[in-house]
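Asker: I'll drop the sequence and a predicted model, then ask my questions.
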2 protein chains.
Amino acid sequence: MPNPTAAMLVIGDEILSGRTQDTNTNHLAVKLTAAGIDLREVRVVGDEASEIIAAVNALRARFVYVFTSGGIGPTHDDITADSIAEAFGVGISVRADARAILATNYKNPDQELNEARLRMARIPDGADLIDNPVSKAPGFRLENVHVMAGVPTVFHAMVESVLPTLAGGEPLLSITVRIEVPEGEIAARLGELAKITPSLSFGSYPFIQNGIFGSNIVVRGTDLDRLQKARKELEVLAKSLKA
Amino acid sequence: MPNPTAAMLVIGDEILSGRTQDTNTNHLAVKLTAAGIDLREVRVVGDEASEIIAAVNALRARFVYVFTSGGIGPTHDDITADSIAEAFGVGISVRADARAILATNYKNPDQELNEARLRMARIPDGADLIDNPVSKAPGFRLENVHVMAGVPTVFHAMVESVLPTLAGGEPLLSITVRIEVPEGEIAARLGELAKITPSLSFGSYPFIQNGIFGSNIVVRGTDLDRLQKARKELEVLAKSLKA
């Protein structure tokens, strides 16, 4: 059975303006690969409701799991929760359980849990909360869409909360062999290996390091024995090219 | 007149598996922002023709400029050029000018310019070449789509080749004020500022650092005077909260 599929939607003007380097996608990608879930597509859109709605509706129809990052804080530009509710055509309001969790953050919740902060307790109807051990304000899951925070420490914690709830597949394993000749020298042989071993995927990732043109050959698959066989063949190839 | 819009398409299984952290998007975002071009959407797809074709056709119809990264090397998994040709419904073949540029890389081009390397001279009909001063193999532009390499040093060089050919708008400027109270404390005032200053965009980017919950307030716009006025108001606000 093929592994379940997934997509990531990163929300935030700061990524598109270049102010912030997104690292949440890479974090999620590593975790999903280890869990046997195939991340198939990533999109980044700005803080604009129509863009968020269109992207989440496109992705949730095509993939088993969708994960979002960003836009669930207390400020006027945090419009992810409202956009998700609109995408699903459901209502959204301050929910008692989310409000109670938020309140544990404050000595004086009646005063400190102001209108802005209460925005973080607005949860679309029918959603389950996602635990946030870092700063309390919860994420939520609505059907196959997991809505999480953009701050990396909080995003990471929410991913840990979500992972045990996902049905994974066979973990995708990989081996890497570094070859210090330009990839043009090994491309033909690599293509042959890929053709005769359809259960493995062969990738070539060229690098330029201290003036050396080389390539990391990455082989991915779920069968460890076949991967180790491929590693040996590639190491023989690498040696023959050096000599 | 609003600034021209742009989208980025990152192509490569290695990004989706988590093996590689994409940094090309951030590099391009910084350059486009400085040139007055608004990056509006980013997508990442794997090395699969149908995915590349669907994404490039969706993006080139919606945005003034499209930039792609990855999949134009000599190996069997480098299918970007063929996919772009298919997306546009045009032919693709080894082109004399691209072949001549590639040949300058080799002492013995008749021997070293093997079949795999010649893949890098396959250019869709009607495209212009994009100069690659790092490793010669050119990128190309077909209508509004700029096809560039995935290796960051080569991608950066190609971006420099492309930038002078783009019509930009007014550079988007930004100022940042660091506020060391949780963003829930400033959200209301920030929302008001955003409402009464529609020509500027106010973003709040929370952080957690050494146990301090704070926020970087980033204000963006094209009018330097208004930005400086906003900075003063935010600094007054920050002081009043600290006291």
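Answerer: Right, received. Where do you want to start?

Asker: Any idea what A:Val45 is bridged to?
Answerer: A:Ile11, B:Glu41 (DSSP bridges).

Asker: Double-check it against A:Ile52; I have them as touching.
Answerer: Yes: using Cβ atoms under 8 Å, A:Val45 is in contact with A:Ile52, at 6.0 Å. The C-beta positions use only the backbone N, C-alpha and C, and glycine is treated the same way.

Asker: Nearest residue to the middle of chain A?
Answerer: A:Leu28 (3.4 Å; Cα atoms, centre = their mean).

Asker: Quick one: find the helix or strand in chain A with the lowest mean pLDDT.
Answerer: Every helix and strand in chain A was compared by mean pLDDT, DSSP states H and E; the lowest is helix A:109-112, with a mean of 86.

Asker: who's in contact with it?
Answerer: Under the contact criterion Cβ atoms under 8 Å, 6 or more residues apart in numbering or on different chains, helix A:109-112 has outside partners A:102-103, A:105-106, B:184.

Asker: Same question for stretch A:123-143.
Answerer: With contact meaning Cβ under 8 Å, 6+ apart, stretch A:123-143 is reached by A:60, A:72-73, A:81, A:84-85, A:88, A:90-95, A:97-98, A:101-102, A:104-105, A:120-121, A:146-149, A:151, A:153-154, A:157-158, A:161-162, A:165, B:208, B:213.

Asker: switch to 6 Å and redo it
Answerer: A:84-85, A:88, A:90-92, A:95, A:98, A:101-102, A:105, A:120, A:147-148, A:153-154, A:157-158, A:161-162 (Cβ atoms under 6 Å, 6 or more residues apart in numbering or on different chains).

Asker: Kindly report the same for stretch A:212-230.
Answerer: So stretch A:212-230 is in contact with A:170, A:172-180, A:182-183, A:199-207, A:234, going by Cβ under 6 Å, 6+ apart.

Asker: end to end, how far does that stretch reach?
Answerer: Stretch A:212-230 has an end-to-end distance of 24 Å (criterion: Cα to Cα, to the nearest Å).

Asker: Kindly report the same for stretch A:163-172.
Answerer: First-to-last residue span, stretch A:163-172, Cα to Cα: 16 Å.

Asker: Pull out the buried residues from that stretch.
Answerer: Residues of stretch A:163-172 classed as buried by neighbour count (16 or more other Cβ atoms under 10 Å in any protein chain shown): A:166, A:172.

Asker: how far away is the closest residue to A:Asn132 other than its chain neighbours from chain B?
Answerer: Distances taken as Cβ to Cβ, 6 or more residues apart in numbering or on different chains place A:Pro138 nearest to A:Asn132, at 5.3 Å, with adjacent residues excluded. Distance, A:Pro138 to chain B, by Cβ to the nearest Cβ, to the nearest Å: 15 Å.

Asker: For A:Pro138, give me the pLDDT.
Answerer: Predicted confidence (pLDDT) for A:Pro138: 97.

Asker: Please apply the same query to the one 5 residues further on.
Answerer: What the model reports for A:Glu143 is a pLDDT of 98.

Asker: Please apply the same query to A:Glu48.
Answerer: A:Glu48 is assigned 96 on the pLDDT scale.

Asker: How many residues are close by it?
Answerer: 15 (other Cβ atoms under 10 Å in any protein chain shown).

Asker: So what does it look like in phi/psi?
Answerer: Per-residue torsions, A:Glu48: phi -140, psi 120 (degrees, to the nearest 10).

Asker: Can you give me the buried ones in the longest helix along chain A?
Answerer: Counting by DSSP state H, the longest helix found in chain A is helix A:224-242. For helix A:224-242, the neighbour count (16+ other Cβ under 10 Å) marks A:227, A:230, A:234, A:237-238 as buried.

Asker: can I get the residues you listed in TSV with pLDDT?
Answerer: As requested, these are exported to TSV (pLDDT from 0 to 100):
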residue	pLDDT
A:Leu227	95
A:Ala230	94
A:Leu234	93
A:Leu237	88
A:Ala238	86
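
Asker: from the contacts of helix A:109-112, which two are the most distant?
Answerer: Largest separation among those by Cβ to Cβ: A:Ala103 and B:Gly184, giving 12.5 Å.

Asker: Which parts of chain A are strands?
Answerer: A:5-11, A:38-45, A:65-69, A:92-94, A:122-124, A:128-130, A:139-142, A:145-148, A:173-179, A:201-209, A:212-221 (DSSP state E).

Asker: what residues does chain A put near chain B?
Answerer: Residues of chain A lying close to chain B by Cβ under 6 Å from any Cβ of the partner chain are A:13-14, A:16-18, A:21, A:26, A:29-30, A:33, A:39, A:41-45, A:73-77, A:116-117, A:151, A:153, A:183-184, A:187-188, A:190-191, A:194, A:203-206, A:208.

Asker: Quick check: A:Pro109 vs chain B, distance?
Answerer: 12 Å.

Asker: Same question for A:Arg95.
Answerer: 18 Å.

Asker: low-scoring pLDDT stretches of chain A, where are they?
Answerer: A:242-243 (pLDDT under 70).

Asker: Repeat the analysis, applying 90 as the threshold.
Answerer: In the predicted model, chain A carries pLDDT under 90 at residues A:1-2, A:105, A:109-112, A:170-172, A:181-183, A:185, A:206-213, A:237-243.

Asker: care to break it down by domain?
Answerer: Following automatic domain parsing, one gets these domains for chain A: A:5-165, A:173-242.

Asker: Please identify the most buried of those domains.
Answerer: For the domains of chain A, the largest average neighbour count (mean count of other Cβ atoms under 10 Å in any protein chain shown) is found in domain A:5-165, namely a mean of 20.

Asker: okay, how far is it across that one, tip to tip?
Answerer: Domain A:5-165: ends 15 Å apart by Cα to Cα.

Asker: same check, this time on stretch A:66-85
Answerer: One end of stretch A:66-85 sits 15 Å from the other (Cα to Cα).

Asker: what comes into contact with it?
Answerer: A:7-12, A:24, A:28, A:47, A:49, A:52-53, A:59-60, A:92, A:116-117, A:119-120, A:122, A:124, A:144-150, A:155, B:183-184, B:187, B:190-191, B:194, B:203-204, B:206.

Asker: Stretch A:86-101 now?
Answerer: Here stretch A:86-101 makes contact (Cβ under 6 Å, 6+ apart) with A:53, A:56-57, A:82, A:85, A:118, A:121-126, A:136, A:138, A:142.

Asker: Tell me which two of those residues sit farthest apart.
Answerer: Longest span within the contacts of stretch A:86-101, Cβ to Cβ: A:Asn57 and A:Lys136, 29.4 Å.

Asker: mind listing which of the contacts of stretch A:123-143 are in helices?
Answerer: Those of these lying in helices (DSSP H): A:84-85, A:88, A:98, A:101-102, A:153-154, A:157-158, A:161-162.
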